[in-house]
Structures are given as C-alpha cells and as structure tokens.
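Trainee: have a look at this prediction, sequence included:
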Amino acid sequence: MPALQFSILQKDLHSRARAGIIRTDHGQIETPIFMPVGTVGSVKAVSQQQLLQEVKAEIILGNTYHLYLRPGLETLEKIGGLHQFNGWKKPILTDSGGFQVFSLAKSRKITEDGVVFQSHIDGSKHLFTPENVMDTQRIIGGDIIMAFDECPPGGSDYGYAKKSMELTHRWLDRCFNRFNSTGDKYGYTQNLFPIVQGGVHPDLRKESCAFISGKEATGNAIGGLSVGEPTEKMYEMCSLCCDHLPQEKPRYLMGVGTPWNILECIEMGIDMFDCVMPTRNGRNAMLFTANGIINIDNKKWEHDFSPIDETIDCDMSAFYSKAYLRHLLKAKEFLGLTIASVHNLAFYLWLVKEARQQIQQGTFVGWKNEMVLRMQQKL
C-alpha cells in the first residue's frame with residue numbers, strides 16, 4: 001500500500017508558511033492542521049459526531065500510554081483497532097506514550113532497554129521499549145504512529161539534553177528496525193514519524209534534525225518544546241528545526257499550544273499541531289475567540305445573552321449565549337463542559353483553516369500579526 005503522501009499547494013511569499021494536503025488511507029488532511037487530543041479514545045466531553053459536525057476535525061490523537069492501560073491491547077486488537085472501537089473513520093495519530101511515561105518522574109526508571117513505570121490506575125509495573133511501543137501502536141491502529149523518545153524537562157542542562165537526545169536516537173534506530181520488520185495491522189498503511197529532541201541547545205537540535213532526516217520518514221516531528229522553557233526559546237528552536245528538516249515532508253510540532261503560538265509556528269513552516277489546551281481551558285471557563293480571551297466565569301457575562309461566538313463556523317457557538325454557558329459552568333452541569341470544549345476546538349480548527357486561506361491568498365503575515373495581538377486581549 002502507498003505510504004502517506006504530502007503535497008505543498010502554496011507557499012507564502014513573505015514567510016515559510018505553507019498550505020498543503022496530507023493523504024492517508026483514512027482520508028486527506030488539509031494543512032496547517034490542529035489535531036484534537038483524544039487521550040483515552042475520546043476527546044474529553046466531546047462526541048465523535050460533534051468533532052465531525054461542529055469542530056470539523058480532520059484527524060484526532062490517541063494516547064498509547066492510556067490506551068495500553070485501559071481498555072488494553074486485547075480489546076483493541078479483538079475489534080480491529082481504535083477506528084473500529086470509537087467509530088472515528090478519519091485519520092488517527094497515536095503518540096508513543098513517552099511524554100506521559102516521563103511525566104511520571106517519581107514512578108518510572110529509564111534504562112537503555114526502555115522505561116519501567118507504574119500505572120497511575122493500580123500501581124502495577126510495566127515496561128515500554130522501542131520495540132513493544134511499535135507493536136502497541138500497530139495494535140491501536142494509528143495512521144501515523146510516533147517513535148519512542150525521551151522528553152527531557154524544559155530546563156535541562158546541556159549534558160542531560162545531549163545524553164537524552166543520544167538515547168532517543170538509539171531508540172529511534174530500534175523503532176525503525178521493529179517497524180520495518182512488521183506489517184500494517186488492519187489493511188491500511190501505518191506511518192512512523194521520528195521526533196527531534198535536543199532541549200533548547202541549537203547544536204543539539206541541528207544534530208537531531210540531521211539524524212532524523214536521515215531516516216527519510218514520511219513525516220517528522222519536533223518534540224521537547226512547550227515543556228517549561230521560555231516562549232522565545234520555543235520559537236527559536238522551532239524555527240531552527242524548520243530550517244534543518246526536509247522541506248517536502250510534513251512537520252509536526254508536538255503539544256503546542258496557544259492560538260498565537262500556533263500562528264507564529266505556522267509562519268516558521270509547521271504543518272501539524274496538537275494540544276490539550278482548548279479542551280482543558282474550556283472546562284475551566286476560558287474561551288478563545290478571534291477578538292480575545294473570555295473568562296466566562298466573570299460576573300460581567302451573567303446577563304450577556306449574545307452568542308458565544310458567531311465568527312466561527314460552529315452551530316453550538318452561535319446557538320448558546322455567554323450567559324447560559326456561564327450558568328451551566330457555575331452549576332457544574334456537564335453540558336457546560338461540552339459547549340466550552342466544542343467551542344474552543346472549533347475556534348482552533350477555524351483558525352488553522354483561516355491561516356490556510358490567508359497563505360493561499362498571499363496575505364498571511366499581515367493577517368497573522370493582527371490576529372496574534374487581537375487573540376491575546378482579555379475581554
């Protein structure tokens with residue numbers, strides 16, 4: 001079966017931003033794209049129907065660590081993978097579980113072989129290796145699966161970042177050996193993306209980009225950013241990586257970020273994004289809009305009966321009022337969590353779609369500069 005295909009349809013004349021299409025066996029993805037995070041096989045408080053109809057998502061994420069623990073590989077393999085289990089027929093990307101494992105600093109041990117960790121559910125011990133993480137992601141059934149890497153903390157010194165990067169590179173060799181020696185699981189093509197590491201150290205990032213590029217994968221990811229380092233450093237490393245990763249392959253910036261982070265990184269040449277921020281912040285009463293940030297918990301919205309947001313193409317955002325959403329969240333009604341999450345996700349998808357149109361029209365940079373300032377205002 002043919003591997004993932006990426007076509008650049010338009011390059012911005014005044015930046016490195018580009019509009020493209022990723023083609024997978026589960027459909028195509030227009031880039032730049034934001035991917036909602038479906039940690040345990042669902043995006044929190046949002047149904048698959050809402051993802052399709054309201055959010056207009058084109059690809060979602062599944063988390064290997066969580067899905068491995070629950071519902072477990074036996075269940076997923078028996079039904080034919082996550083697409084069959086959760087009913088999502090469009091593309092799925094699975095992360096390797098590395099970030100979750102390494103965030104469990106007190107209950108895991110890193111060795112050359114892999115990582116021993118304790119389940120957050122019942123305390124049982126497990127081992128993730130590059131090999132079994134490839135097997136696990138094959139079983140989960142992602143169209144795009146991620147290499148197993150170590151994600152060092154944002155403040156890591158040079159010595160730790162270098163040691164961590166070199167371990168990630170050795171693990172990457174093992175990931176590709178296992179991936180190339182096993183077949184696609186459910187009759188469609190699965191694609192392995194390697195991950196650039198190196199902390200905030202430019203020479204390490206360049207070295208990692210060179211190593212990753214040598215794998216000639218169908219796409220490449222940039223990891224280890226937005227993990228505690230200053231925003232300026234994140235941008236610097238992102239820009240550097242875009243300079244040194246293949247132009248003709250999609251670039252995925254993992255775990256980033258705010259709407260303005262996303263626009264800045266699109267300008268640098270990033271094609272794919274994911275982050276829990278739209279849903280997590282929505283559940284905590286923060287709404288993103290084209291005109292600024294709304295803390296819907298504030299009393300000023302108590303009698304504001306205007307729609308949440310009529311700018312974006314989302315019926316839910318246009319139907320419900322700010323006052324009603326505030327009431328639901330204050331009353332701790334589950335519907336409030338859904339409305340806020342759907343709205344924020346729909347806004348993120350609207351934003352990257354609008355960015356794509358601006359790139360195609362040759363007006364991206366001016367529009368981006370205006371939007372970055374507007375979106376950060378507190379309303």
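Mentor: All right, it came through fine. Residues are numbered from 1 along each chain as shown.
Trainee: from memory Asp12 sits against Val365, does it?
Mentor: Yes - with contact defined as CB atoms under 8 Å, Asp12 reaches Val365; the gap is 7.0 Å. The way it works is simple: take the backbone N, C-alpha and C, and place the C-beta from them, glycine included.
Trainee: shared neighbours of those two, anything?
Mentor: Residues touching both Asp12 and Val365 by CB atoms under 8 Å, 6 or more residues apart in numbering: Glu267.
Trainee: between those two, which has more neighbouring residues?
Mentor: Asp12 (22 against 16; other CB atoms under 10 Å).
Trainee: for the more buried one, which residues are in contact?
Mentor: Arg18, Glu267, Ile359, Gly362, Phe364, Val365.
Trainee: in the stretch 1-150 of the chain, what residue spans correspond to strands?
Mentor: Here the stretch 1-150 of the chain has its strands, by DSSP state E, counting those that start in this stretch, at 5-11, 18-24, 27-31, 33-35, 37-38, 60-63, 92-95, 108-110, 115-118, 125-128, 144-146.
Trainee: tell me the mean pLDDT for the first one?
Mentor: Which is strand 5-11. When pLDDT is averaged along strand 5-11, the result is 98.
Trainee: and it, what does it pack onto?
Mentor: Counting contacts by 3 or more CB pairs under 8 Å, 6 or more residues apart in numbering; DSSP states H and E, strand 5-11 packs against strand 18-24, helix 334-361.
Trainee: so what touches the first one?
Mentor: If you take CB under 8 Å, 6+ apart as the criterion, strand 18-24 is touched by 4-12, 28-33, 91, 143-144, 188-189, 191, 219, 250, 269, 271-272, 356, 359-360.
Trainee: gap between Leu76 and Gly38?
Mentor: 14 Å (CB to CB, to the nearest Å).
Trainee: the two: who's more crowded?
Mentor: When Leu76 and Gly38 are compared for neighbours, Gly38 comes out ahead with 27 against 23, by other CB under 10 Å.
Trainee: how about the contacts made by the closest residue to the more buried one other than its chain neighbours?
Mentor: Excluding its sequence neighbours, the residue lying closest to Gly38 (CB to CB, 6 or more residues apart in numbering) is Ile60, at 4.6 Å. With contacts defined as CB under 8 Å, 6+ apart, Ile60 is in contact with Met35, Pro36, Val37, Gly38, Val43, Leu51, Trp88, Lys90, Ile92, Leu93.
Trainee: ok, of those, which one's closest to Pro71?
Mentor: Checking the contacts of Ile60 against Pro71 by CB to CB gives Gly38 as the nearest, at 13.5 Å.
Trainee: ok, now which ones touch that closest one?
Mentor: Ile60, Leu61, Gly62, Asn63, Asn86, Trp88.
Trainee: kind regards, and thank you for your time.
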